[in-house]
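Enquirer: Any chance you could fold what I've pasted below:
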Amino acid sequence: VWASRPWQVLIGGAMYAGKAGFLEQVFLPAWKEFQKNYPNTELVYIGKDLDGVPETVRPYVRSLGVFPHDKVGDVLRQAAVAVLPVLHETSTPWRYSVPARISDYLAAGLPVIAPYSAGTGTHDFLCKVGAPATTLATRQDEVLARLKQLHDSPAHWL
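Expert: Numbering: from 1, shown residues only. The predicted structure follows:
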């Protein structure tokens, strides 16, 4: 059954991308490269609409929409990886924020790929969770390597 459906990478909620544009400038180029060699994969979005997803990313995302609260866990468990494009900056009040969806992703058994954002609550939380559950990336090659590893060696994460 697993082999017949696409290997999913999930994004969800608001895209607090910050000035650096992790989703557009780091993740998306890595994703495009990854999909060249792994065609049975898809980037999916769970949420109200794609308004929060940058225009340049939308053509590569399939929207799953909104689910009743009791079904969200099932949707999360269908994915293989979660991307958390939250790049809080130390110069803003958001530096203390830790999105609840991190806990949702981890509780569903999803490893998380997120931008490196030292000095923020999100970064501190993800560092405490540590590898292999989290990958903090600053470069496209780091994201690409992690996607390949998670796809090719699921037992590494499990």
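
Enquirer: any chance you could map the strands in the chain?
Expert: All strands of the chain, identified by DSSP state E, fall at 7-12, 41-46, 61-65, 81-83, 112-115, 134-137.

Enquirer: Quick one: list the elements packing against the fourth one.
Expert: Same thing as strand 81-83. strand 7-12, strand 112-115 (3 or more Cβ pairs under 8 Å, 6 or more residues apart in numbering; DSSP states H and E). All C-beta atoms are positioned from the backbone trio N, CA, C, and that covers glycine.

Enquirer: Give the other helices and strands that the shortest one contacts.
Expert: Right, strand 112-115. strand 81-83, helix 101-107, helix 121-129, strand 134-137, helix 140-152.

Enquirer: Can you pull out the residues in contact with the fourth one?
Expert: For strand 134-137, the surrounding residues in contact (Cβ atoms under 8 Å, 6 or more residues apart in numbering) are 26, 111-117, 123, 126-127, 142-143, 146.

Enquirer: Ok, which of the helices and strands packed on strand 81-83 comes nearest Lys36?
Expert: Ranking the helices and strands packed on strand 81-83 by distance to Lys36, with Cβ to Cβ as the measure, places strand 7-12 first at 14.3 Å.

Enquirer: so Val26 touches Arg139, yeah?
Expert: Yes: with the criterion set as Cβ atoms under 8 Å, Val26 and Arg139 qualify as a contacting pair; they are 6.6 Å apart.

Enquirer: Cheers, nothing more for now.
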